[in-house]
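Peer 1: pasting the sequence and the predicted coordinates here, then a few questions.
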Amino acid sequence: MHNATRQSLNKESYSQNLLSVISEYFSKEKQYCIFLDVDGTLSEFHIDPLKSFIPKTTLCTLCQLKDLDIPVIAITGRSVQVASHLFSPLQLPIAGTHGLEIDMQPFGKLNADINKRHIALIQQDTQKTCLPYPQLLIENKDYSVAIHYRQYPEMAEIAKKIAHDIQSRHSEFKINEGKYVFELIPVAADKGQAIQKILNHLNFTNVLPIFIGDDKTDESGFEVVNHYHGISIKVGEEETEACYRLKNVADVANFLDLFLQFFKTHFSRHSEVSHGEKACLN
């Protein structure tokens, strides 16, 4: 892990690779902390973002990890409000809008101090600028505005030019490029900074963070986790700072389940956690 070799956790060697990682770092004195991106990591990517969902089996796994006293925290570009619906009925801490709003459920919020007037102005500018292009989907969030072209991928260059033109008029914002989307967002938005802020808040003395993500916006999170000598996992084949790779959403679900099974086996006091699944998901 320390040399960031970006090994693939192939299906045929899941158990071997997982046990290798755990055995290298495992200690009863360590506090594991799992950070998870949502779209493309826990949920399959959909052309219509409203159709995205997290499989119930994955929610059950996350619920049981919570029963093992392992913090599980979502790090997503979606707002906290929208992301919370995806996890329902499971309640997790969520860092939404790339960390600008952080709800540490049930321990309060760590939201960034953002000028809402600037948000309103850039949203108005975006709506006006995109009027000639009804194919583009404009999503106004609490702290940002996103220009989606997922239904018309051939409009990538037009969407990119629009985003850069708008950003040039609003220097307090930057552009986050994701899958079929350009998001104009305050410069303070950064998943790596969000993970660091949460770790500072949790104040664990001997933490081992884990972060799984699939997008360009996740790279700063991988860098922070690598700094802690944690476990960084990239979903997909793109260039990355992550140390390990998984191929797709199904592989992430399998990895999390194997991780759960390891802890259920090695912590006898938590060997029976089925009641937690019922409590969270029924």
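Peer 2: Cool, got the structure.
Peer 1: angles on the backbone of the residue most central in space within the chain, please.
Peer 2: Of all residues in the chain, the one closest to the mean position by CA atoms, centre = their mean is Asp37, 1.8 Å from it. With angles defined as degrees, to the nearest 10, Asp37 shows backbone torsions of phi -70, psi 170.
Peer 1: equivalent analysis for Ile119, please.
Peer 2: The phi and psi torsions at Ile119 (degrees, to the nearest 10) take the values phi -60, psi -50.
Peer 1: just the pLDDT for it.
Peer 2: Per-residue confidence at Ile119 stands at 94 (pLDDT).
Peer 1: gap between Ala120 and Ile75?
Peer 2: The spacing between Ala120 and Ile75, counted by CB to CB, to the nearest Å, is 26 Å. The way it works is simple: take the backbone N, C-alpha and C, and place the C-beta from them, glycine included.
Peer 1: the more surrounded of these two?
Peer 2: A direct count of neighbours by other CB atoms under 10 Å for Ala120 and Ile75 places Ile75 higher, at 28 against 12.
Peer 1: so the more buried one touches Lys191, yeah?
Peer 2: Yes. Using CB atoms under 8 Å, Ile75 is in contact with Lys191, at 5.2 Å.
Peer 1: returning to that earlier point: contact partners for the residue nearest to the centre of the chain?
Peer 2: The neighbourhood of Asp37, defined by CB atoms under 8 Å, 6 or more residues apart in numbering, consists of Ala74, Ile75, Thr76, Phe211, Ile212, Gly213, Asp214, Asp215, Asp218, Val235.
Peer 1: mind doing that once more with 6 Å?
Peer 2: Asp37 makes contact with Ile75, Gly213, Asp218, according to CB atoms under 6 Å, 6 or more residues apart in numbering.
Peer 1: strands of the stretch 1-150 of the chain, start to end?
Peer 2: Counting by DSSP state E, counting those that start in this stretch, the stretch 1-150 of the chain forms strands over residues 7-8, 31-36, 72-75, 94-96, 101-103, 137-140, 145-148, given from the N-terminal end onward.
Peer 1: show me the contact partners of stretch 139-147.
Peer 2: Defining contact as CB under 6 Å, 6+ apart, one finds that stretch 139-147 is touched by 79, 97, 100, 114, 122-123, 126, 136, 159, 163, 181-185.
Peer 1: who wins on neighbours among those residues?
Peer 2: The residue in those with the most neighbours, by other CB under 10 Å, is Thr97 (29 neighbours).
Peer 1: got the end-to-end distance for stretch 180-200?
Peer 2: Its first and final residues considered, stretch 180-200 spans 33 Å by CA to CA, to the nearest Å.
Peer 1: quick one: buried residues of it?
Peer 2: With burial defined by 16 or more other CB atoms under 10 Å, the residues of stretch 180-200 counted as buried are 180-186, 188-199.
Peer 1: hmm, who's touching that stretch?
Peer 2: Everything outside stretch 180-200 that qualifies as a contact, by CB under 6 Å, 6+ apart, is 35, 75, 95, 98-100, 110, 112, 114, 122, 144-150, 159, 163, 166-167, 173-176, 217-218, 220-221, 223-224.
Peer 1: for PyMOL, write the selection for the buried entries among those residues.
Peer 2: To isolate in PyMOL the members of these that are buried, counting by 16+ other CB under 10 Å, one can use:
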select buried, resi 35+75+95+98+99+100+110+112+114+122+144+145+146+147+148+149+150+159+163+166+167+173+174+176+217+218+220+221+223+224
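Peer 1: before I go, just wanted to say thanks for your time.
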